[in-house]
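1. Sequence first, predicted coordinates after that:
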Amino acid sequence: MKFTQEQVIEMAREAGWCVPDDATTDWIARQTRLCTLAADRALEAAAVECDDNEFADGAECAQFVRAMKEQA
C-alpha cells in the first residue's frame with residue numbers, strides 16, 4: 001500500500017512528530033508509534049480489499065487480516 005503525503009502527515013501528527021522536540025519527547029517511542037500506525041492502516045486497507053472482493057472467502061480473508069492487527 002502506498003500512503004499519500006497527507007496520510008503520512010496525519011500519522012506523524014498522531015505519533016507525536018509534529019510537536020516541538022524537547023528532552024521529554026522520546027524519539028524511539030514516536031518512531032515506533034508511526035510504524036505501528038502505518039502497519040495498522042495498511043492491514044485495514046487489505047481487510048477492506050478482502051471485504052470488497054466478490055470471491056467466496058472475502059469475509060473470511062478480511063477477518064483473518066483484522067485478527068493479524070490484534071496480534072501485532
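-> Happy to help now that I have it.

2. out of everything not next to it in sequence, what's closest to residue 61?
-> What sits nearest to residue 61 in space, not counting adjacent residues and going by Cβ to Cβ, 6 or more residues apart in numbering, is residue 50, at 3.7 Å. C-beta here means a position set from N, CA and C on the backbone, and glycine is covered the same way.

3. residues touching that neighbour, list them.
-> 58-59, 61-62, 65 (Cβ atoms under 8 Å, 6 or more residues apart in numbering).

4. Which pLDDT value goes with it?
-> On pLDDT, residue 50 comes in at 85.

5. rewinding a little: buried subset of the contacts of residue 50?
-> 61-62, 65 (16 or more other Cβ atoms under 10 Å).

6. quick revisit: go through the contacts of residue 50 and say which is closest to residue 42.
-> In terms of Cβ to Cβ, no member of the contacts of residue 50 lies closer to residue 42 than residue 65, at 9.9 Å.
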